[in-house]
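In: whatever this is, show me its structure:
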Amino acid sequence: MCIRDSFELKLSKEKSWVESPLLKRAQSHVFDPPAFGVTVLGCSHGFDPKGSTSGYIFWVNGRGVMLDPPPFTTSILANLGISPSLIESVIISHCHADHDAGTLQKLLASQQVEILTTPTILESFLRKYTALTGLTEPYLRSLFRFRPVRIGEPTKVHGAIFNFFYSLHTIPCVGFVVSVAGKSIYFSGDTFYESEGLAKLVEKGILTKERCNSLSKNKWNHDIILHEAGVPPIHTPMKAFLTLPEEVKSKLFLVHVAEKDIPQGSGLRSAKTGLENTITLDVGRSEDGELSATLDLLCSIPIFEDLTVKSARDLLQLLREERFTPMSIIVEEGTYGDKFYLIKSGVVRVFSYAKGKEFERSLTIGDYFGESAVIGDSMRHASCMAVTHVTLLSIRRREFHLLFGEHAGAGGSILRRLMNLKETRKSVGFKCIMKNEVFGGMNGSQKIQLETILSERRVEAGQPIWRQGDAAEFAVLVGSAVVKLSANETLNEGQVPVEGVLTMGDFIAETRAYVAKGAHQTLLEVISAGTVYYVGRDDFLHFIEANPGLSIILNDTIVID
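Out: Reported below is the predicted structural model:
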């Protein structure tokens, strides 16, 4: 199940939150990702004024693998209510603009993702986008993880087997077959395929017989077939499909084609776009598939990224699944609890009406709550209610400390981050994040990730937070204090400081100094007493590395507001 990452809802005295159109959408547009299937985001080509360019999400055990992100990918996913945390892998089939135009946007939109393609295609992608953006190739490479695929060798993703092959196109281009539990989906990639035309290429010595045979081998023997039918001669002509058996046509979906170009009465059809038209195959929910899905969920949660294999195994054994129906109260503010929750599916509304601490937010898959129950006094500081059908994974306080107490190595960092999260949520930390234009626009998971590395400090008027020449050891998010930033010397070439008075929500970071383990080039001092939030150097660098879009914003800017 996936619903938009964060619904920032307005409170009213009547508490009429159920009237919010965003929550109405959440309650009526619940998408439960299938164990195996494909959602088509666009199925036409770059010359169709009425259609959208090709883009797909292949679903495996409830997780998404995006193929050829279309333009405006971020908006498309948000409008569909698909959480970015559900899609951690991107396949680039080739580097024509109607197939890779949304890839860079996807790389920058949320957490770092994995790119799957051949080394040849990746090199093309990097050359193209270094030229378009002016960014260096090493910097572009730092924005993602590269997983090379090898033609003819299986690649396992989320429990599915992908077998890639090179199609026949004007530039290097891949297609693939993806299989789960004996069922398979074939994706042709952009390709020329027509028996007579291929035979002529063999006669002319352009293709070998072996290469020709490989283009048609077992093409039609799959449960779902997504085949391109673009504009010849570099794509597959429509006549190649007209004489196919009805059995094949029944499982064939044409893509990369304008609707008007499909002959009426031919028995052929295009793939329909949208979540409601997701094509699925029934492969059941195996124990291995559920285990893989839970592991993927844990891997997507930043606080668990340093777990050892043993700790991950122990956590899996201790987690318990709990289900809630819409409008059910999961925890109630002011009560005592002893469970920490991870959201496996659905949308949870978190809110408080305590005087002076009113807030409201929503959480979805990959988010978590209940940290106060396992740290400190166990008092619940907010209520949590299921907006949709919700599936949670819970762990009790005693078991949590057994795994993640200070004795547990990397587990100690988990307790530290959860303590930061608890204190931030008790203070105005989240309000500060929402007042910042950049941070406020992050998805829910990114906001929680930032909350876990904030450390609240009380500062007094006249106090320097840092001076020019001090070691650059932390960044600052302004809370209730008022601070002043000034620079008496010229900064590094390319950096543009914003000098002046800074208030709640402003964020100050000398990124280049943190990377170089250098010294501050500015003076940051307190004008009016209050609170600020420190972010340690290592936590800050890790945060922007995990969120590439932020690294680009912060690389040449000292203040974001």
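In: now the helices for the stretch 451-561 of the chain?
Out: 511-516, 537-546, 548-555 (DSSP state H, counting those that start in this stretch).
In: that should have said the stretch 51-200 of the chain, apologies.
Out: Taking DSSP H, counting those that start in this stretch as the criterion, the stretch 51-200 of the chain carries its helices at 73-80, 97-100, 103-109, 119-133, 137-141, 195-203.
In: right, and those helices - which one's nearest residue 44?
Out: Of all the helices of the stretch 51-200 of the chain, it is helix 97-100 that lies closest to residue 44, at 8.8 Å by CB to CB. Where you see a C-beta, it was placed from the backbone N, CA and C, and this is true even at glycine.
In: how far off centre is that closest one?
Out: 20 Å (CA atoms, centre = their mean, to the nearest Å).
In: next one: stretch 35-50
Out: 20 Å.
In: and stretch 63-73, by the same measure?
Out: 10 Å.
In: what mean pLDDT does it get?
Out: Stretch 63-73 comes out with an average pLDDT of 90.
In: distance-wise, check residue 143 relative to residue 74.
Out: According to CB to CB, to the nearest Å, residue 143 stands 15 Å off from residue 74.
In: quick check, pLDDT for the residue nearest the centre of the chain.
Out: With distances taken as CA atoms, centre = their mean, the chain has residue 84 as the residue nearest its mean C-alpha position (3.0 Å). Per-residue confidence (pLDDT) for residue 84: 79.
In: any idea how far the nearest residue to residue 549 once chain neighbours are set aside is from residue 517?
Out: Spatial nearest neighbour of residue 549, chain neighbours left out: residue 108 (3.6 Å); criterion: CB to CB, 6 or more residues apart in numbering. Remark: distance between residue 108 and residue 517 (CB to CB) = 26 Å.
In: ok, these two, which is more surrounded?
Out: residue 108 (19 against 10; other CB atoms under 10 Å).
In: do you know how far the more buried one is from residue 552?
Out: Distance, residue 108 to residue 552, using CB to CB: 7 Å.
In: run through the stretch 1-150 of the chain and note the low-pLDDT ranges.
Out: 1-30 (pLDDT under 70).
In: who wins for proximity to residue 335 among the helices of the stretch 51-200 of the chain?
Out: Nearest to residue 335 among those is helix 73-80; the distance by CB to CB comes to 34.3 Å.
In: CA atoms only for the closest one, dumped as CSV, please.
Out: The C-alpha trace of helix 73-80 is given here as CSV (Å, rounded to 0.1, in the frame of the first residue of the first chain):
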residue,chain,number,x,y,z
THR,A,73,8.5,12.1,-12.5
THR,A,74,8.3,13.7,-9.0
SER,A,75,4.9,15.3,-9.7
ILE,A,76,3.6,12.2,-11.3
LEU,A,77,4.4,10.0,-8.3
ALA,A,78,3.1,12.6,-5.9
ASN,A,79,-0.2,12.9,-7.8
LEU,A,80,-0.5,9.1,-7.9
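In: counting contacts, what elements does it pack onto?
Out: Judged by 3 or more CB pairs under 8 Å, 6 or more residues apart in numbering; DSSP states H and E, helix 73-80 is in contact with helix 103-109.
In: hmm, who's touching the helix it packs on?
Out: 66, 68-69, 71-74, 84, 87, 90, 92, 113, 115, 125, 129, 133, 143-144, 548-549, 552 (CB atoms under 8 Å, 6 or more residues apart in numbering).
In: would you mind writing the PyMOL command to select the buried ones in these?
Out: To isolate the buried ones among those in PyMOL, judged by 16 or more other CB atoms under 10 Å, type:
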select buried, resi 66+68+69+71+72+73+74+84+87+90+92+113+115+125+129+143+144+548+549
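In: my guess is residue 164 contacts residue 178, does it?
Out: No: Residue 164 lies out of contact with residue 178 (CB atoms under 8 Å); the separation is 9.7 Å.
In: and the residue lying farthest from the centre of the chain, how far is that from residue 196?
Out: Largest separation from the mean C-alpha position in the chain: residue 203, at 47.7 Å (CA atoms, centre = their mean). Here residue 203 is placed at a distance of 11 Å from residue 196 (CB to CB).
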